[in-house]
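Asker: Need coordinates for the below:
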Amino acid sequence: MNISIILGHPRPGSFNHAIAQTAFETLQEDGHNVAFHDLYQEGFDPVMTAEEEQGALPPTDPLVVQHCDEIVAAHGVIIIHPNWFFQPPAMVKGWVDRVLRTGIAYGYQDGKIVGLLKASSGLVFNTANTPAEPEQGLGNPLDTLWRQCILEPAGLDRTERHLFSPVLSSSPEQRRQWLSDVRVLVRDQFAQDAAWSGLIPQPANWYKG
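Answerer: Residues are numbered from 1 along each chain as shown. As a prediction, the model looks like this:
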């Protein structure tokens, strides 16, 4: 399968980077083709141009074109970023604006949004330095954003989001356990997708639920 990993954290060596590295290694071990992008490291420009916003011209930025080509070819998507004021960093929002755009991720038919991506599922990993309760009290805004507002309207059948928190006060043992959880979640998510899509053989006793 073709899996796109999008990392949006400005500091090298962050726990977000550790999550991304773990996901990348797990997918490679399982034989998937991985397109990995560290948005800050590669200098992705999050600012949409007036021409792009109007739809008058397709993107001309080579990096944006590359991202668009890869997301169209992806069978699965992994998004990794910190929770900043219950929102993604501006860099990640700019990536959504410029890549998950009309004609790439979605279109319109009879006045309704139609998802265009072939990807069947996505994983979103977030980190925070506060307990999960405040986010839950606000109705899990990042879950709503990624699942209901972005990825599912783009055509993904299912999106799972996982929050690791609080990172700042976590122990090395806790962070190691979280990375072990990432490995299991990534492996399970895309092994199921590959089997359901016929990209890998299904054992005789395969249970689809």
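Asker: buried residues in the helix or strand hosting residue 35?
Answerer: Residue 35 is part of strand 33-38 when elements are defined by DSSP states H and E. Buried residues in strand 33-38, counted by 16 or more other C-beta atoms under 10 Å: 34-38. Placement of C-beta: from N, CA and C, glycine included.
Asker: do the same with stretch 58-72
Answerer: Those would be 59, 63-64, 67-68, 70-72, for stretch 58-72 by 16+ other C-beta under 10 Å.
Asker: from the residues you listed, which two are the most distant?
Answerer: The span of the buried residues of stretch 58-72, defined through C-beta to C-beta, is set by 63 and 72 at 15.2 Å.
Asker: low pLDDT regions in this protein?
Answerer: Applying pLDDT under 70 to the chain flags residues 56-57, 192-209.
Asker: List phi and psi for the closest residue to residue 147 other than its chain neighbours.
Answerer: Excluding the flanking residues, the one nearest residue 147 by C-beta to C-beta, 6 or more residues apart in numbering is residue 159, at 4.6 Å. Backbone torsions of residue 159, given as degrees, to the nearest 10, read phi -130, psi 130.
Asker: centroid residue for the chain?
Answerer: Centroid-nearest residue in the chain, with C-alpha atoms, centre = their mean: residue 79, separated by 2.3 Å.
Asker: SS state for that one?
Answerer: Counting by DSSP: H, G, I helix; E, B strand; the rest coil, the backbone at residue 79 sits in strand.
Asker: What residues does the residue nearest to residue 147 make contact with?
Answerer: Taking C-beta atoms under 8 Å, 6 or more residues apart in numbering, we find residue 159 in contact with 121-124, 146-147, 151-152.
Asker: Out of those residues, which two sit at the greatest distance?
Answerer: Comparing all pairs in those by C-beta to C-beta, the longest separation belongs to 123 and 152, at 13.4 Å.
Asker: more neighbours, those two?
Answerer: Using other C-beta atoms under 10 Å, the more surrounded residue of residue 123 and residue 152 is residue 123, with 24 against 16.
Asker: Let me see the contact set for the more buried one.
Answerer: 23, 76-79, 159-162, 185-186, 189.
Asker: Mind putting those residues into a markdown table with distance to residue 9?
Answerer: Output for those, formatted as a markdown table (distance: C-beta to C-beta, whole Å):
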| residue | distance to residue 9 |
| --- | --- |
| 23 | 13 |
| 76 | 21 |
| 77 | 17 |
| 78 | 14 |
| 79 | 11 |
| 159 | 20 |
| 160 | 20 |
| 161 | 16 |
| 162 | 16 |
| 185 | 19 |
| 186 | 18 |
| 189 | 21 |
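Asker: For residue 139, state which of those residues is nearest.
Answerer: residue 161 (13.1 Å).
Asker: quick one: residue 26 and residue 51, what's the gap?
Answerer: In this view, residue 26 and residue 51 are 39 Å apart by C-beta to C-beta, to the nearest Å.
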